[in-house]
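Novice: Structure here, sequence nowhere to be found:
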Ligand SMILES: C[C@H](O)[C@H](O)[C@@H](O)C(=O)CO
Ligand SMILES: [Mn+2]
């Protein structure tokens with residue numbers, strides 16, 4: 001470890017101790033947290049089904065940065081590089097459309113764990129936990145933007161079968177890796193313009209979900225999550241699976257609620273929702289994302305809201321009840337760097353929250369000293385969390401600062417650029 005980093009850390013530890021913060025405990029707690037990296041950042045949500053059609057589902061990926069991963073080996077190599085630059089031990093979040101069945105395409109209602117055997121082998125070899133998502137878009141039977149709420153019972157049945165199969169695949173992931181898989185269900189269903197029937201699609205979605213979740217599966221292997229949304233492209237007027245719908249569903253059925261930071265009205269913040277929903281739910285899943293004016297899925301940066309989410313997780317003692325996942329897709333920059341930037345930022349925010357002089361802040365609030373609370377909150381923003389971060393990273397063999405970008409640049413030169421020469 002660099003001498004400067006060690007010395008700066010020692011000074012930072014003293015500074016925090018003066019405010020009653022135990023830096024070693026904070027580092028230990030951070031080291032126990034895992035972030036689920038979303039596979040779809042690596043290939044612009046294309047997947048391996050060989051479809052050249054649109055992603056659909058109201059999702060949009062913009063940018064033409066060269067070097068997109070085109071198959072499982074490339075995507076795993078990119079993930080290896082990203083994970084080597086993110087301190088700690090993390091997870092991978094797969095979509096069903098990343099099944100590997102070369103030469104004999106398998107439709108979504110016929111998938112099984114065997115189609116993910118290479119992912120399972122990779123995860124076991126690396127000691128990485130796996131999470132999962134059924135894919136309810138980029139498919140001819142989702143071409144009209146409707147799946148589980150479709151008025152045609154045959155189409156609904158196809159998607160229900162896909163949901164059932166995906167829970168079993170999630171359970172196989174959990175079994176193989178020894179850590180429960182969170183299988184998250186998000187559907188694009190909605191309507192571009194004002195529908196006259198808002199009730200029918202929601203009633204159909206409700207019964208489809210109940211059919212998907214009918215089979216009991218041990219939560220030590222698979223945990224079910226449901227993700228609502230405000231709107232999508234082409235579904236601006238009405239979203240069947242809205243926040244209220246899934247909140248009620250999760251509470252009534254004992255499911256995890258997935259809160260995606262980009263899925264609310266721009267004036268709403270996810271940080272304020274955590275303590276509300278966790279008053280009723282045992283567990284939740286976060287899709288940490290960054291909307292810019294809309295659900296644009298920008299790479300996560302160290303914003304006030306990211307700090308606020310992390311603070312809520314720590315202050316509310318929710319870290320053991322909330323699964324942390326990323327959800328963004330940016331094709332305008334190096335895709336591997338995008339993972340690294342987003343994941344490191346979430347971890348930095350969590351570290352800053354773990355280093356908060358919370359006992360003093362709570363005491364000030366309890367005494368009604370709101371001036372003191374505000375003053376300390378503001379002073380705490382410039383406490384030397386960066387010195388602790390550098391130390392934490394170097395202790396885990398990862399660069400603390402921008403030097404990590406050198407590894408990305410050489411990977412781009414040696415690997416990603418060759419994909420371009422080969423026609424990627
Ligand atoms: C690709 C994912 O399923 C997707 O991002 C989903 O989680 C979502 O947030 C849709 O807007
Ligand atoms: Mn999401």
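Specialist: Thanks, I have it. These numbers come from a predicted model, not from an experiment. Ligands and ions are numbered 1, 2, ... in the order given.

Novice: now for the lengthiest helix in the chain, which elements pack on it?
Specialist: In the chain, assigned by DSSP state H, the helix with the most residues is helix 153-177. In this structure, helix 153-177 makes packing contacts with helix 117-126, strand 129-133, strand 181-185, helix 199-212, strand 222-227, judged by 3 or more CB pairs under 8 Å, 6 or more residues apart in numbering; DSSP states H and E. Placement of C-beta: from N, CA and C, glycine included.

Novice: Export these to TSV and append columns for distance to residue 387, mean neighbour count and mean pLDDT.
Specialist: Output for the helices and strands packed on helix 153-177, formatted as TSV (distance: least, CB to CB, whole Å; neighbours: other CB atoms under 10 Å; pLDDT from 0 to 100):
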stretch	distance to residue 387	mean neighbour count	mean pLDDT
helix 117-126	30	16	98
strand 129-133	30	26	98
strand 181-185	34	27	99
helix 199-212	48	17	98
strand 222-227	36	23	98
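
Novice: so can I have CSV of the ones you listed showing distance to ligand 2?
Specialist: Output for the helices and strands packed on helix 153-177, formatted as CSV (distance: least, CB to the ion, whole Å):
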stretch, distance to ligand 2
helix 117-126, 20
strand 129-133, 9
strand 181-185, 8
helix 199-212, 17
strand 222-227, 6
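
Novice: OK, now which residue of the stretch 301-424 of the chain is nearest to ligand 2?
Specialist: Nearest residue of the stretch 301-424 of the chain to ligand 2: residue 327, at 3.9 Å (CB to the ion).

Novice: Surely that residue touches residue 260?
Specialist: Yes - counting by CB atoms under 8 Å, residue 260 is a contact partner of residue 327 at 5.8 Å.

Novice: Can you tell me the closest non-neighbouring residue to the residue of the stretch 301-424 of the chain closest to ligand 2?
Specialist: Once flanking residues are discounted, residue 327 sits nearest to residue 287: 3.7 Å by CB to CB, 6 or more residues apart in numbering.

Novice: That neighbour and residue 229 touch, don't they?
Specialist: No - assessed by CB under 8 Å, residue 287 is found out of contact with residue 229, at 10.2 Å.

Novice: Which residues are in contact with each of the two?
Specialist: Common contact partners of residue 287 and residue 229 (CB atoms under 8 Å, 6 or more residues apart in numbering): 260, 263.

Novice: Quick check: beta-bridge partners of the nearest residue to residue 38 once chain neighbours are set aside?
Specialist: Ranked by CB to CB, 6+ apart and with sequence neighbours excluded, the top spatial neighbour of residue 38 is residue 93, at 4.7 Å. Beta bridges link residue 93 to residue 38, residue 131, judged by DSSP bridges.

Novice: Was I right to think residue 93 contacts residue 35?
Specialist: No - assessed by CB under 8 Å, residue 93 is found out of contact with residue 35, at 9.5 Å.

Novice: Looking at the two, which has the bigger crowd around it?
Specialist: Under the criterion of other CB atoms under 10 Å, the comparison of residue 93 against residue 35 puts residue 93 first, with 27 against 24.

Novice: got a list of what the more buried one touches?
Specialist: Each residue near residue 93 by CB under 8 Å, 6+ apart is listed here: 36, 37, 38, 39, 130, 131, 132, 133, 184, 325, 326.

Novice: So which residues on this structure come close to ligand 1?
Specialist: Within the chain, the residues that sit near ligand 1 (CB under 6 Å from any ligand atom) are 40, 45, 133, 186, 227, 229, 260, 287, 295, 327.

Novice: ok, 8 Å please
Specialist: Residues of the chain lying near ligand 1 by CB under 8 Å from any ligand atom: 38, 40, 45, 57-59, 95, 133, 135, 137, 184, 186, 188, 227, 229, 232, 258, 260, 262-263, 287, 289, 295, 297, 327, 329.

Novice: okay, and the common contacts of residue 93 and residue 35?
Specialist: Here residue 93 and residue 35 have 325, 326 as joint contacts, going by CB under 8 Å, 6+ apart.

Novice: For the residue nearest to residue 2 when sequence neighbours are not counted, the count of nearby residues, please.
Specialist: Of all residues not flanking residue 2 in the chain, residue 394 sits nearest, at 6.7 Å (CB to CB, 6+ apart). With neighbours defined by other CB under 10 Å, the count for residue 394 comes to 18.

Novice: Residue in the stretch 1-150 of the chain with the shortest distance to ligand 2?
Specialist: Nearest residue of the stretch 1-150 of the chain to ligand 2, counting by CB to the ion: residue 38, 8.3 Å away.

Novice: Could you count how many residues lie near that residue?
Specialist: Neighbours around residue 38, by other CB under 10 Å: 25.

Novice: from memory it sits against residue 335, does it?
Specialist: No - between residue 38 and residue 335 there is no contact under CB under 8 Å: 11.3 Å.

Novice: Between those two, which contacts overlap?
Specialist: By CB under 8 Å, 6+ apart, residue 38 and residue 335 have no common neighbours.

Novice: which residues touch the closest residue to residue 328 other than its chain neighbours?
Specialist: Spatial nearest neighbour of residue 328, chain neighbours left out: residue 297 (4.5 Å); criterion: CB to CB, 6+ apart. Shown in contact with residue 297 (CB under 8 Å, 6+ apart): 59, 262, 289, 290, 291, 327, 328, 329, 330.

Novice: On the three-state scheme, residue 297 is what?
Specialist: For residue 297, the assignment made with DSSP: H, G, I helix; E, B strand; the rest coil gives strand.

Novice: Quick one: name whatever helix or strand follows the strand or helix carrying residue 344.
Specialist: Assigned by DSSP states H and E, residue 344 belongs to helix 335-354. Once the chain leaves helix 335-354, the next helix or strand it forms, by DSSP H and E, is helix 358-367.

Novice: Tell me the secondary structure at residue 286.
Specialist: strand.

Novice: Let me know the distance separating it from residue 350.
Specialist: Residue 286 sits 11 Å away from residue 350, going by CB to CB, to the nearest Å.

Novice: what about the closest residue to residue 302 other than its chain neighbours, neighbour count?
Specialist: Excluding the flanking residues, the one nearest residue 302 by CB to CB, 6+ apart is residue 345, at 4.8 Å. Residue 345 is flanked by 21 other residues according to other CB under 10 Å.

Novice: all strands of the stretch 1-150 of the chain, in order?
Specialist: 35-38, 91-95, 129-133 (DSSP state E, counting those that start in this stretch).
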